[in-house]
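In: sequence and predicted structure below; questions after.
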Amino acid sequence: TDQGVAWVNEADQQVYHLPLAPAQGEPQALTANASCRYGDLCFVPAWQALLAVEESHQGDAVVHRLVRIGLTGKRDVLVEGADFYAAPVADADGRRLAWIEWDRPDQP
């Protein structure tokens, strides 16, 4: 991000952010839902937030979504309903999104 580095921690599959400011030198958890995993992070400067693929395990079901994760940890669902999502990106002003999606048994 323009304020630090964001990543998915392999151990818990949650999103963390390490701010650039030396006074805030500890990583901050942006997500904390053990039933969710995240990937394909993309920082959108116009939002000052991350665009990510979220995989949520709900009982026997797995739900995939595209979400916006603010650098304060606020999460918004942007798209859901397909079996899989990948490679999300936003345009420069954050008004348009593009991604790949597919449903079983078809592949992209």
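Out: Okay, I see it.
In: so what's Val44 up against?
Out: Neighbour list for Val44: Leu50, Leu51, Arg68, Ala90, Gly94 [criterion: Cβ atoms under 8 Å, 6 or more residues apart in numbering]. C-beta: built from backbone N, CA, C; applies to glycine.
In: buried ones among these?
Out: Leu50, Leu51, Arg68, Ala90 (16 or more other Cβ atoms under 10 Å).
In: the nearest residue to the third one once chain neighbours are set aside: what secondary structure?
Out: To tie it back to what came earlier, the one meant is Arg68. Excluding its sequence neighbours, the residue lying closest to Arg68 (Cβ to Cβ, 6 or more residues apart in numbering) is Asp76, at 4.5 Å. The assignment at Asp76 comes out as strand when based on DSSP: H, G, I helix; E, B strand; the rest coil.
In: wait, Gly94 touches Trp47, no?
Out: Yes - applying Cβ atoms under 8 Å, one finds Gly94 in contact with Trp47, separated by 4.8 Å.
In: shaky segments in the chain?
Out: Within the chain, the segments meeting pLDDT under 70 span 22-24.
In: if you set the cut-off to 90 instead, what comes out?
Out: 2-3, 19-26, 58-59, 104-108 (pLDDT under 90).
In: what segments of it are strands?
Out: With DSSP state E, the ranges of strands along the chain come out as 4-8, 15-19, 28-29, 36-44, 49-58, 61-70, 75-80, 84-90, 97-102.
In: nearest to Pro108, out of those?
Out: strand 97-102 (4.7 Å; Cβ to Cβ).
In: no more questions from me, cheers.
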